[in-house]
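Novice: Sequence unavailable; structure follows:
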């Protein structure tokens, strides 16, 4: 299998959309390059007294439409090309749902499962100090991602505030509620996936009640997606985590699985016990016969090597970049509908926007209000993508990028090239 470069994947989709829109290269050349890329060293004294140096990154892809916005990923496979791609995806994700942010992303090469809370806090604080010149409520606003959570965002907010001499709640989103976090933020991405899944099934005239669904990845996004899809009446026949997957043709007991995983963060699905379940690999899970497939793990999960084996009728991308551009074409030829990540998983950044607005305006909204506003934005964005895709007879991913690229390019053109 050839080396996968996620940033090249982004560029190919952008260039395709720009060509359809009738842009010449000079119209969109600037958005092919991130505005800033910062690499930092993070020395940390470990619990045993030794000093380890971790590597971290922060990339701002575009700030044409507003401050950079994007998560911080703590994962052992983080690399600069991945962070660049994630930052670009954030640019287009914010554009497709039409919120006034650009795209950014950050990451630290580490394995949080092998770190104590003290070590994790030290990495977070030193990383925040290292990227301090780039971030702030008006320039770049981090959020949680793979391997990070509300607690990490609280430490980031505190570090940034201490360095400024006063509290700055708007510097990050996804914070604990006590520090200005938004109600519903922790479930927002998964809730957006649920809204999107319901929308696409409705367009395809598929009844959601009893419909078979498969969820790859039981982190925050996958677990919330599985919970909410189950509550909608769908039959979740398989789920997975890093240890592998579990399958039951008649449907899994999702509430029981979520309780098991919540009891101890070290609990893995390979050790989950229930009558009638089968243990399968993540690869076998992706290739199950199902109506709905929700890849909610990492990039490059469905690629040119396994795309021909995918049997789902519709894929809703809960992760960033789980389907490669080569796989897209194979799936299209098979008649499989793919709802792209920049639309499907935008719920998190939408509610992050709500959190940021509340922070900078010192106001507070109810969870019901936030969830309803989220639904309205996700539904409207889906309808816009559906309409342009139907009008031009294009895949939904291309339709989403037509909307997003146009908004980013036109904002860039309106501002002009400085100086």
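Specialist: That came in fine, so what should we check first? Given the structure is predicted, the values throughout are model-derived calculations rather than measurements. Residues are numbered from 1 along each chain as shown.
Novice: which helices and strands sit right next to the longest helix along the chain?
Specialist: Assignment by DSSP state H gives helix 367-392 as the longest helix of the chain. Helix 367-392 is packed against helix 188-203, helix 341-344, helix 347-361, helix 396-415, with contacts defined by 3 or more CB pairs under 8 Å, 6 or more residues apart in numbering; DSSP states H and E. All C-beta spots, glycine's among them, are computed from the backbone N, C-alpha and C.
Novice: which one of those helices is the most hemmed in?
Specialist: Comparing these by mean neighbour count (mean count of other CB atoms under 10 Å), helix 341-344 comes out on top with a mean of 30.
Novice: and it, what's its mean pLDDT?
Specialist: For helix 341-344, the mean pLDDT works out to 97.
Novice: starting at the chain centroid, how far to that helix?
Specialist: Taking CA atoms, centre = their mean, to the nearest Å, the mean C-alpha location of helix 341-344 is offset from the chain mean by 8 Å.
Novice: where does the stretch 1-150 of the chain dip in pLDDT?
Specialist: Residues of the stretch 1-150 of the chain meeting the criterion pLDDT under 70: 1-2.
Novice: the strands in it, which residues?
Specialist: In the stretch 1-150 of the chain, the strands defined using DSSP state E, counting those that start in this stretch lie at 36-45, 51-62, 68-75, 102-109, 140-144.
Novice: helices or strands next to the longest one in the packing?
Specialist: Other helices and strands packing on strand 51-62, by 3+ CB pairs under 8 Å, 6+ apart, are strand 36-45, strand 68-75, helix 80-96, strand 102-109, helix 117-130.
Novice: out of the ones you listed, nearest to residue 374?
Specialist: Among those, the nearest to residue 374 by CB to CB is helix 80-96 (14.1 Å).
Novice: Name all residues that make contact with residue 260.
Specialist: By CB atoms under 8 Å, 6 or more residues apart in numbering, the residues touching residue 260 are 267, 272.
Novice: for residue 370, that is, sorry about that
Specialist: Per CB under 8 Å, 6+ apart, neighbours of residue 370: 182, 183, 184, 351, 354.
Novice: Pick the one among the residues you listed closest to residue 106.
Specialist: Of all the contacts of residue 370, residue 351 has the smallest distance to residue 106: 19.2 Å, by CB to CB.
Novice: Just give me the neighbour total for residue 4.
Specialist: Applying other CB atoms under 10 Å, we find 16 residues neighbouring residue 4.
Novice: how much space between the closest residue to it other than its chain neighbours and residue 306?
Specialist: Nearest in space to residue 4, with sequence neighbours left out and distances taken as CB to CB, 6 or more residues apart in numbering, is residue 300 at 4.9 Å. Noted for residue 300: a distance of 10 Å to residue 306, by CB to CB, to the nearest Å.
Novice: Those two: which is more packed in?
Specialist: Between residue 300 and residue 306, residue 300 has the larger neighbour count (other CB under 10 Å), namely 18 against 14.
Novice: right, and that one touches residue 325 too?
Specialist: No: at 10.7 Å, residue 300 and residue 325 do not qualify as touching, with contact defined as CB atoms under 8 Å.
Novice: circling back: pLDDT on the longest helix of the chain, on average?
Specialist: Per-region confidence: helix 367-392 scores 98 on mean pLDDT.
Novice: what's the answer for stretch 309-319, then?
Specialist: For stretch 309-319, mean pLDDT is 98.
Novice: mind checking the end-to-end distance for it?
Specialist: Criterion CA to CA, to the nearest Å; first-to-last residue distance in stretch 309-319 is 20 Å.
Novice: before we move on, what about stretch 201-221?
Specialist: With CA to CA, one end of stretch 201-221 sits 20 Å from the other.
Novice: now it, how far from the centre of its chain.
Specialist: Chain-centre distance of stretch 201-221: 18 Å, with CA atoms, centre = their mean.
Novice: which of the residues in that stretch are buried?
Specialist: Of all the residues in stretch 201-221, those buried under the rule 16 or more other CB atoms under 10 Å are 201, 203, 208, 211-221.
Novice: do stretch 301-317 as well
Specialist: Buried-residue list, stretch 301-317, by 16+ other CB under 10 Å: 301, 302, 303, 304, 307, 310, 312, 313, 314, 315, 316, 317.
Novice: what angle do the longest helix of the chain and helix 396-415 make?
Specialist: 100 degrees (axes from the mean of the first three to the mean of the last three CA atoms, to 10 degrees).
Novice: ok now helix 367-392, how far from the chain's centre?
Specialist: Here helix 367-392 shows a centroid-to-chain-centroid distance of 17 Å under the convention CA atoms, centre = their mean.
Novice: and what of stretch 31-42?
Specialist: Distance, stretch centre to chain centre, for stretch 31-42: 19 Å (CA atoms, centre = their mean).
Novice: From start to finish, how long is it in a straight line?
Specialist: For stretch 31-42, the first-to-last residue distance is 29 Å (CA to CA).
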